[in-house]
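Visitor: Sequence unavailable; structure follows:
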């Protein structure tokens, strides 16, 4: 099973699609519909269903923070940022990634979010590509160009 250029190990795929499917789907449903992270008015805290979903995915064999966030981002592309060591180093966020990205998108009355939408349009990308995915790609490319990002256990 492959999502956003990541392979999910067979045991984890079995859990996602079969043995843990009901619990994981319940958390995904509890998150609610996809919406822009910039529009989340309050900081996101443990107990938020997406936070719990990420934690549940981490518990699966061979799933670390990068794969977990990519799986959630696949289902909620406007809401959930992807964590990896490159983007983390670019942003200086290490493990605390979700709220710093949210805060950056909300700063200056959403200036970064609007700029990302403008970049998407200038690049000729379809509207299905969220501002958050544009952000992920730009941050990752910047980090790679600066030779950042040594894989860690969190990226499994």
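Guide: Now that the structure is in, tell me what you want to look at. Since this is a predicted model, take the numbers as computed values, not measurements.

Visitor: what about stretch 119-126, how long is it end to end?
Guide: Start-to-end span of stretch 119-126 (CA to CA, to the nearest Å) is 11 Å.

Visitor: Report the distance from that stretch to the chain centre.
Guide: Put simply, stretch 119-126 sits 20 Å off its chain's centre (CA atoms, centre = their mean, to the nearest Å).

Visitor: From the contact counts, what lies against the longest helix along the chain?
Guide: Secondary structure of the chain per DSSP state H: the longest helix is helix 98-122. Using 3 or more CB pairs under 8 Å, 6 or more residues apart in numbering; DSSP states H and E, the elements in contact with helix 98-122 are helix 85-91, helix 131-145. Bear in mind the C-beta positions are built from the backbone N, C-alpha and C, glycine included.

Visitor: make it 7 Å
Guide: helix 131-145 (3 or more CB pairs under 7 Å, 6 or more residues apart in numbering; DSSP states H and E).

Visitor: hmm, back to that, now do the longest helix of the chain and helix 131-145, the angle between them.
Guide: Counting by axes from the mean of the first three to the mean of the last three CA atoms, to 10 degrees, helix 98-122 lies at 100 degrees to helix 131-145.

Visitor: from the middle of its chain, how far away would helix 98-122 be?
Guide: Relative to its chain's centre, helix 98-122 lies at 15 Å (CA atoms, centre = their mean).

Visitor: Report how many residues lie close to residue 80.
Guide: 26 (other CB atoms under 10 Å).

Visitor: same thing with residue 103?
Guide: 12.

Visitor: Residue 34: what secondary structure?
Guide: coil (DSSP: H, G, I helix; E, B strand; the rest coil).

Visitor: Contacts only, for it.
Guide: By CB atoms under 7 Å, 6 or more residues apart in numbering, the contact set of residue 34 is 76, 77, 78, 79.

Visitor: Against residue 38, how distant is residue 109?
Guide: From residue 109 across to residue 38, the span is 10 Å (CB to CB, to the nearest Å).

Visitor: neighbour count winner among those two?
Guide: residue 38 (22 against 7).

Visitor: Surely the more buried one touches residue 112?
Guide: No - contact criterion CB atoms under 7 Å: residue 38 and residue 112 do not qualify, at 8.2 Å.

Visitor: what bits of the protein have low per-residue confidence?
Guide: Across the chain, the ranges flagged by pLDDT under 70 are 1-4, 95, 150-156.

Visitor: What are the buried residues along stretch 11-29?
Guide: Within stretch 11-29, the residues that count as buried by 16 or more other CB atoms under 10 Å are 12, 13, 14, 15, 16, 20, 24, 27, 28.
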